[in-house]
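# Here is the input, now give the coordinates:
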Amino acid sequence: MAFEDITLISDYHAHVYYDGHEKPEAAALRDAVDARFDIRMGRWHDNPVGPHPRGSYQIAFSTAMFAEIVPWLVLNRGGLTVFLHPNTGDDVRDHTELAIWLGDKEKLNLDALR
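Residues are numbered from 1 along each chain as shown. Have a look, this model is predicted:
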């Protein structure tokens, strides 16, 4: 078996999913993440966009931040689903084989990545 080098991962994206009634909780989580971490926060998308099946916003962070931000999200995401993936340059693989789900796994629109 050949093992891949982790330097293939340039950075990570975490996508926080929400529906209309969950937006206040999503906003509180967003504010807390933005205040605590050196990250790049994406725009609000109240409707599905790209491969994402419902409203979401993106949290982009470096590989060095993984060990700090992911455990924090595990403990503090509440009932929200967080979809986490690396960025290796292979969008389909990043969003499928290499993805991590915090909460319920959802069906992505992979056609948007092809």
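# Show me the helices in the protein, by range?
23-36, 66-76, 91-95 (DSSP state H).
# Now do the last one: everything it contacts.
Surrounding helix 91-95, the residues in contact under the criterion C-beta atoms under 8 Å, 6 or more residues apart in numbering are 51, 85-88, 108, 110, 113-114. To be clear about C-beta, it is placed using only N, CA and C from the backbone, and glycine gets the same treatment.
# and the gap between the closest residue in space to Asn109 that isn't next to it in sequence and His45?
When the adjacent residues along the chain are set aside, Asn109 lies closest to Pro51, with 4.9 Å between them (C-beta to C-beta, 6 or more residues apart in numbering). To His45, Pro51 is 12 Å away according to C-beta to C-beta, to the nearest Å.
# Neighbour count for those two, which is higher?
Taking other C-beta atoms under 10 Å, Pro51 and His45 do not tie; Pro51 has more neighbours (21 against 16).
# For Leu75, see how far away the more buried one is.
From Pro51 over to Leu75 the distance is 26 Å, taken as C-beta to C-beta.
# next one: Asp11
22 Å.
# if you count what's nearby, which of these two comes out ahead?
Neighbours were counted for Asp11 and for Leu75 using other C-beta under 10 Å; Asp11 has more, 16 against 8.
# Bridge partners for the more buried one, pull those for me.
On the basis of DSSP bridges, Asp11 is bridged to Ser62, Asn87.
# Which pLDDT does the model give it?
Asp11 is assigned 98 on the pLDDT scale.
# ok, it to Arg77 distance?
20 Å.
# Asp46 now?
For Asp46, the distance to Arg77 - C-beta to C-beta - is 19 Å.
# which residues of the chain score low on pLDDT?
For the chain, applying pLDDT under 70 flags no range at all.
# one more time with 90, if that's ok
Applying pLDDT under 90 to the chain picks out residues 1, 114.
# Now do the contacts for the residue sitting nearest the centre point of it.
Nearest residue to the geometric centre of the chain (C-alpha atoms, centre = their mean): Ala14, 1.6 Å. Contact analysis of Ala14 by C-beta under 8 Å, 6+ apart lists 58-59, 61, 69-70, 73, 82-84.
# isn't Asp46 right up against Tyr57?
No: taking C-beta atoms under 8 Å as the definition, Asp46 is not a contact partner of Tyr57, at 9.6 Å.
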